[in-house]
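Asks: Kindly generate the corresponding structure for this input.
(chains A, B and C)
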Amino acid sequence: MRNVILFALMALAFIAAGEFQSWSFSLTILNLCLISAVMALGVNIQWGYAGIFNVGIMGFAALGGAAAVLVNAAPVPEAWAAGGVGIGASLIALLAVIGLIALIRKKLRGNLRRYATIAAVIGGYFAIREVYDPAVAAIESINPAKTGFLGGLGLPITISWAVGGLFAAGGAWVVGKVALGLRSDYLAIATLGISEIIIAVLKNEDWLTRGVKNVSTLKPDVPTAIELQQSGWFLDIASWLEADPMLASGIAVKLSYAVLFTIVLGLIMWLSERALKSPWGRMMRAIRDNRDAAEAMGKDVTKRHLQTFVIGSAVVGIAGAMLTTMDAQFTPGSYNPLRFTFLIWVMVIVGGSGNNWGAVLGGFLIWFVWIEAEIFGPMLMEFVTSGLDPASTLKASLMGSAAHLRLFLMGVILLLVLRFSPRGLIPER
Amino acid sequence: MVDLLNAIVLMGNYVIVPGLAYGSQLALGALGVTLIYSILRFSNFAHGDTMAFGAMLTILATWWFQSMGISAGPLPTALLALPIGIIGTVLFALATDRMVYRYYRKVKAANIVMMMASVGVMFVMNGVVRVVIGPGEQRFADGERFIIKAREFKEMTGLSEGLAIRTTQAITLVVTIIVVALLFWFLQRSRTGKAMRAYADNEDLALLSGINPDKVVMVAWIITATLATIAGTLYGLDKSFKPFTYFQLLLPIFAAAIVGGIGSPLGAVAGGFIIAFSEMGFTYAYKRFIGYIGPDGWVPDGLLQLISTDYKFAVSFMILVLVLLVRPTGIFKGKVL
Amino acid sequence: MSYLIGDKMTGGYGKGADILHECTIAVEKGEIAVIVGPNGAGKSTAMKAIFGMLNLREGQVRLDGKDITNMSPQDKVRAGMGFVPQTSNVFTGMTVQENLEMGAYIRDDDFGDTMAQVFDLFPILKEKRKQHAGELSGGQRQQVAVGRALMTKPKLLMLDEPTAGVSPIVMDELFDRIIEVARTGIAILMVEQNARQALNIADKGYVLVQGRNRFIDTGEALLANPEVRKSFLGG
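Replies: Below you'll find the model as predicted:
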C-alpha cells in the first residue's frame, strides 16, 4: 500500500511539473527518469542482490552509448577501404599476443615465465602499434570534419540497446575477472579506474567513435518532430485536438520514447523480480549476507559475483544505449562520474537497496529532484542573496554557481537516508 | 658526451622535475587516504574533494591577502594563506566526522557503509566548492615564476637543451619533504603518534591499553585535512585549480596508497612517486631523447610515445591491477583490504 | 572480603542467551586464581564479564570493595586492572619496546623503572626490544603481551589462556614468571586449558561447567579431588 502511495506521489509530481512548468518538460524528465530507473535496476542487481560496490557505472553506460554509434551510424566505406584491413590486422595481432601470453603462462614456470610474459607484453604492444597507428591515421584523415571514423553498421538504433548490453557485459567480464575476487574497496577503486579508461578511449580513439568530435548523425527509429510536422495525418490529429502542431509533435516524439522505455523497463523489471525470487536470487542474497558461510557450503562465490556483475552491468549498458538513442547523439565529453556513477548510487540507496521497486522509485525520484533542483537552486539563491546589492560581484558569482547547489542537496539526501533510513524508501522484503 | 648530457637534461626537464612535483602531490594525498584507512578503516572517496576544499579556502585567503597588498615576495602568497586554509579544512573535517562518521563508528557499521557515507560527503563538498568558487579554472600562483629558466640554463651550460625549474615545483618538493619528515617524526616518536599506530595495528588492544579512540580519530582527521589542504594547494599552484581535476586525482591517489601498501605511510610516499614517474615515463615522447643517445644523426620517425597523455589514468590503473595480481599487500606490506 | 569478586554473575553477549549463571569468581592480592573447565564452560566468558565486555543481567563485580560492574573497560584499566587477551594480544607492527610503551599509555609519570622490571622478568624482551612483535615466536609474544599489561602497574592481572599454542617447556617457563609476578603482590586471575599444570600453581581454582560454579577449592585440593580428576583432568 505504502509503495502504491509513493508511486502515486511520484506520478503527481510529474503532473504538477506538466501543469506548472510544461508538459514537454515533464515528459523530458519522465524519459530520463525511465532510463535512470533502468540504470538503478542494474546497479541494484549488483549491490542489492550481491553486495558488489561498482563505482564504474559511467563506463558501462558509455559503452552502451558507443554501441548506439556502432550500430546506427552510417558506414564510411572510404574509411573502411583506407584502414579497415589495418584495424582488422591489429585486432588479430592483439588476439595473437593474448594467446601467446596465455601459452607462456601455461607452459613456462618461475622466473622464465615472468620474463617471457613481460617480453611478450612489450613486444606485442609495439608490434600492434606498428599496424594500428598507420591504420588509425588513414581512417582519421578521411573527411575529418564530417566522418574521420569507420562509421557504424547503419542498422536501426533500437538494436543497439541489446548490443549496448552485450558491450557492457563484455567489459564487466574483463573487469570482474581481475577484481572480483578482492574485497569491496579494491573493486570500487578498480571499477572507478576502468570507467575513466573507457571514457578516455571513447574520447580519444577518433577512428572508432569520432572522440570528442561527437557523433550527431544518429537516426532514431521513432519519427522526429520535423517529420511529424510534415506529415498530413499528424497535422490532422493535431488540428482535431486543437493543439499547436509544433508543440504536439515534440510531445508525440517524447511520448513514443516514453512508451518504448517503459516496455524495456517493464521487461527488465519482470526478469529481475523473477530472478530475485528464484533459487538463484535466494542464493545470491545468502552469499551477500554471509559470504563465508556460503563459501563453506561450497558455493563458488567469485563466480556468482562475476555473473551478477556482468548481468547488472549489461542492464546499465542497455540504459546507456537508450540514453544515446534519445539524445540522437553521442558525446563522450559529457560523461561525468558524479552524474553517471554516484547519482545512480544515490538513487539505489534512497530507493531501497535490494528491492527492485525501490531502485525504480529511487531512479524516478532522484532524477526528478536533480532536474528540478537545477531550476530551484538559483531561485533559492536569489532569495538568500536578496539582501545583497544586485550589482555586486559576490551575488553574481553566487548566482552563477547556484545550480551546483544540487550536488550539495544530493549529498545531504544520501547522508540522511543512510543515517536515518538505511533500508531506503521501499525496503527489501 | 654533450649528447648524453643533453639527453639527461631533456629527461630532467620533462620527466624528472615535473615527476618529482607531481609525485609529491600524490604522496601527500595518498598519506591522507592511507591514514584514514588505517584509523577509520574505510576508503575515503571524499578525499579528492577535501583537497579541493582546502585549496579553495587557501585561494580565497590568497585573494584576500592580495587585496590587502600582503605578499610573500618571490614566493607565492598562497603559502601565507595556507594556515587559514588548513584551519578551515580541519574544522570542516571534524564537523563531518561529528555529524556523519561518528555514528557509524558507534554502531560498528560495515566499512562499505562508511565508504558510502564518504560518497555523500563527497557530494556535499563538491557542491560547496562549486557554489563558492565555481566550477571553472582558477590561477592563484604569484611571485617569481621560475627559479631557473630554460634559456638561462642553456646560456649557463652551453647545452642545447634547457632545464626549467618553476618556483612552484621547488616549493612543492621542499614543502613535501618538510611535511613528510614531520609526519614520520610524529608517528614514530611522539606519544600520540605511537598511540595512533597502535590503534591502527590492533584496535581492541589499544582500548585495553587505555588509548582514547576519540582522540586518535580526531588527530587522524586533523592530520588528514592538513595534508589534503597542503596537497591540494600545491597541486593548484603547480598546475591550476579546477574542482573536477581534484575528483579525478582520486584514482592515482588510491593507486599510490595501494601500490605502497595501504596503511603504510612510507608506502604511500613511495607509491606516490611510483605512480607519478610511471605516468610521466609512459606518456613522454622519447623522440628527441633517442635522437641524442641513439646513433649519430639518426632520428626516429614517430614520437616514440608509449601511450598518449590522454591515457594517463590507464597507467595508474595498470599498476594498480599489476599490484593486485602480484602482491596485494603492496610494496611495504600494508593491509589487504 | 576478596580484593576482586565477580559475584553471582548472570548474563551473555548482547541480547543473546545467558552463558553465565550465578557464577562467582574471586581473587586476593598476591594470589593466583585459575578458572578451568571443559570447552564451552564459559571460562573466557566469565573473565570477560569481570572486565566488563559482557552484559550482566544480575550480579556485581567489585574491586577493592567498590562496585565496578558498569565501568567501561578503559576506566577499569585506570582502576588497576590489566587484561591480556588470548589472541591478537600484541601490536605486531610495533617494536617490543613500543608495545611496552603503549601498555604505559595511561601513565603520566616516568615508567622507566617499570620497563626495567619487565625486562628483568623477561630478559629475552630486553634483547629483542627493537624488533617488531610480529616477528617473535609464540612464547615471546606472550611475554610481550604480559609485559604490556604489567606496564600499567596493575593491581590485578587477568590472563586469558596465556599458554595457548606454546610448547610445554615455554609453558612451564611462563608459569614460573606468573608466579614471580604474583609474589610482587599482584592478584592474578587466569583462564587455562592446561588444567593440571595451572592448578599446580594456583592458590585457588574454579571449575566451571555450563556457566555455573561446580567446584571451588585450593588448587592442591582440586588436584586431589577424585571427582575433579576423573571428569576434568583425565584420571
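Asks: Could I get the full set of strands for chain B?
Replies: Secondary structure of chain B (DSSP state E): strands located at B:146-148, B:165-166.
Asks: most packed of those strands?
Replies: strand B:165-166 (a mean of 20; mean count of other Cβ atoms under 10 Å in any protein chain shown). The C-beta positions use only the backbone N, C-alpha and C, and glycine is treated the same way.
Asks: for it, packing partners?
Replies: The contact analysis (3 or more Cβ pairs under 8 Å, 6 or more residues apart in numbering or on different chains; DSSP states H and E) places strand B:165-166 against strand B:146-148.
Asks: please redo it, this time with the cut-off set to 10 Å
Replies: helix B:17-40, strand B:146-148 (3 or more Cβ pairs under 10 Å, 6 or more residues apart in numbering or on different chains; DSSP states H and E).
Asks: Mean pLDDT lowest where, among those?
Replies: Ranked by mean pLDDT, the helices and strands packed on strand B:165-166 end with strand B:146-148 at the bottom, a mean of 88.
Asks: mind checking how far that strand is from the chain centre?
Replies: 23 Å (Cα atoms, centre = their mean, to the nearest Å).
Asks: How about stretch B:270-282?
Replies: That offset, for stretch B:270-282, works out to 12 Å (Cα atoms, centre = their mean).
Asks: show me what contacts the closest residue to chain C within the stretch 251-400 of chain A?
Replies: For the stretch 251-400 of chain A and chain C, the shortest gap (Cβ to the nearest Cβ) falls at residue A:290, measuring 17.3 Å. Taking Cβ atoms under 10 Å, 6 or more residues apart in numbering or on different chains, we find residue A:290 in contact with A:296, A:297.
Asks: And the average pLDDT for stretch C:98-115 is what?
Replies: Rounded mean pLDDT across stretch C:98-115 is 92.
Asks: Quick one: end-to-end distance for that stretch.
Replies: By Cα to Cα, to the nearest Å, the extent of stretch C:98-115 from end to end equals 11 Å.
Asks: How about stretch B:187-206?
Replies: Using Cα to Cα, one end of stretch B:187-206 lies 15 Å from the other.
Asks: Could you pull up the mean pLDDT of that stretch?
Replies: Mean predicted confidence for stretch B:187-206 is 93.
Asks: hmm, it in reach of chain A?
Replies: No. Stretch B:187-206 does not reach chain A (Cβ under 10 Å from any Cβ of the partner chain); its nearest approach is 15.7 Å.
Asks: nearest to residue A:194, of the strands of chain B?
Replies: Nearest to residue A:194 among the strands of chain B is strand B:165-166; the distance by Cβ to Cβ comes to 33.6 Å.
Asks: Same question for the spatially closest residue to residue C:97 that is not a sequence neighbour, what's its three-state structure.
Replies: Distance criterion Cβ to Cβ, 6 or more residues apart in numbering or on different chains; nearest residue to residue C:97, sequence neighbours excluded, is residue C:129 at 4.2 Å. Per DSSP: H, G, I helix; E, B strand; the rest coil, the secondary structure class of residue C:129 is coil.
Asks: Verify the contact between residue C:129 and residue C:116 for me.
Replies: No. Using Cβ atoms under 10 Å, residue C:129 makes no contact with residue C:116, being 11.5 Å away.
Asks: Now for residue A:156: which residues touch it?
Replies: Residues counted as contacts of residue A:156 (Cβ under 10 Å, 6+ apart) are A:71, A:72, A:219, A:220, A:221.
Asks: Report how many residues lie close to residue A:193.
Replies: When neighbours are counted by other Cβ atoms under 10 Å in any protein chain shown, residue A:193 registers 27.
Asks: residues touching it, list them.
Replies: Counting by Cβ under 10 Å, 6+ apart, residue A:193 touches A:55-56, A:59, A:175, A:179, B:250-252, B:254-255, B:313-314, B:316-318, B:320-321.
Asks: run the last query once more with 6 Å
Replies: Shown in contact with residue A:193 (Cβ atoms under 6 Å, 6 or more residues apart in numbering or on different chains): B:251, B:317.
Asks: And for residue A:218?
Replies: Taking Cβ under 6 Å, 6+ apart as the test, what residue A:218 contacts is A:72, A:328.
Asks: what kind of secondary structure is it in?
Replies: Assigned by three-state DSSP, the conformation of residue A:218 is coil.
Asks: Check what pLDDT it gets.
Replies: 88.
Asks: Ok, which of the helices and strands packed on strand B:165-166 comes nearest chain A?
Replies: Among these, if distance is taken as Cβ to the nearest Cβ, the winner is helix B:17-40, at 8.1 Å.
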